[in-house]
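[1] This is a predicted model, with the sequence first.
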Amino acid sequence: MIEIHETFDAKLLADLNEEIQTFHHLAYPEIFKPYNRETIRGFFKSALEHENAHVFVARQAEVVLGYVLIFMVDFKENPFQYSRRYILLDQVAVIEKYRGRGVGSTLLNKVFEFAKSININEIELNHWTSNGSARKFFNKNGFEYFNEKMRLKLD
């Protein structure tokens, strides 16, 4: 059985992040830095000091299977848009050998529960276009596209 718990353990999160950071670095080396345990640990330590950040880890027995990092966002009204509150799903990482076993969906369900418990009814995320498995996973879990990002690289 997969259990989900909130964590504040920056070292654990930095260790869990290695696989996904390396994946992103190899896919987009001009954007993503190589994995560096200490700087990533510092990122998680700093992020977890803010009340708007939460990290949930998935465990089975004593084995950590993955994590999800979310931020609560309070978007202020401006001349173009109304104010709104939503959760930004910043990172979802499941250790490769545990993918396809319901770990990611269980983590998402925890985020959905958490959002409902604080009266937030919208969750946003983005993923890299080349990550077809992320596209499929998020579509399968009910996410839909509402805003697309493009770029033009000038040589």
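    Happy to help now that I have it. Keep in mind that what you see is a predicted model, and the values were worked out from it rather than measured.
[2] and after the longest helix seen in the chain, which helix or strand comes next?
    As assigned by DSSP state H, the longest helix anywhere in the chain is helix 10-27. Sequence-wise, the next helix or strand downstream of helix 10-27 (DSSP states H and E) is helix 37-47.
[3] rewinding a little: quick one: residues in contact with the longest helix of the chain.
    With contacts defined as C-beta atoms under 8 Å, 6 or more residues apart in numbering, helix 10-27 is touched by 7, 31-35, 37-38, 40-45, 48, 55, 57, 64, 66-67, 69, 91, 93, 95-96, 128, 130-131. (Glycine included, C-beta is placed from N, CA and C.)
[4] I'd assumed H50 was in contact with F8.
    No. The pair F8 / H50 is not scored as a contact, 11.5 Å apart, by C-beta atoms under 8 Å.
[5] When these two are compared, which one has more neighbours?
    Between F8 and H50, counting by other C-beta atoms under 10 Å, F8 is the more crowded of the two (13 against 10).
[6] With F71 as the reference, measure out to the nearest residue to the more buried one once chain neighbours are set aside.
    Nearest non-adjacent residue to F8, counting by C-beta to C-beta, 6 or more residues apart in numbering: L48, 5.1 Å away. According to C-beta to C-beta, to the nearest Å, L48 stands 11 Å off from F71.
[7] those strands in the chain, which residues are they?
    3-6, 53-60, 63-75, 84-94, 123-124 (DSSP state E).
[8] Let's have those strands in CSV, adding mean pLDDT.
    Listed next are the strands of the chain as CSV, based on pLDDT from 0 to 100:
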stretch, mean pLDDT
strand 3-6, 97
strand 53-60, 98
strand 63-75, 97
strand 84-94, 97
strand 123-124, 98
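[9] would TSV of these with distance to L107 and mean neighbour count be doable?
    Converted to TSV, the strands of the chain look like this (distance: least, C-beta to C-beta, whole Å; neighbours: other C-beta atoms under 10 Å):
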stretch	distance to L107	mean neighbour count
strand 3-6	7	14
strand 53-60	5	20
strand 63-75	4	18
strand 84-94	6	18
strand 123-124	12	15
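[10] Quick one: the ones you listed as JSON lines, columns for distance to F146 too.
    Listed next are those as JSON lines, based on distance: least, C-beta to C-beta, whole Å:
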{"stretch": "strand 3-6", "distance to F146": "27"}
{"stretch": "strand 53-60", "distance to F146": "23"}
{"stretch": "strand 63-75", "distance to F146": "14"}
{"stretch": "strand 84-94", "distance to F146": "12"}
{"stretch": "strand 123-124", "distance to F146": "8"}
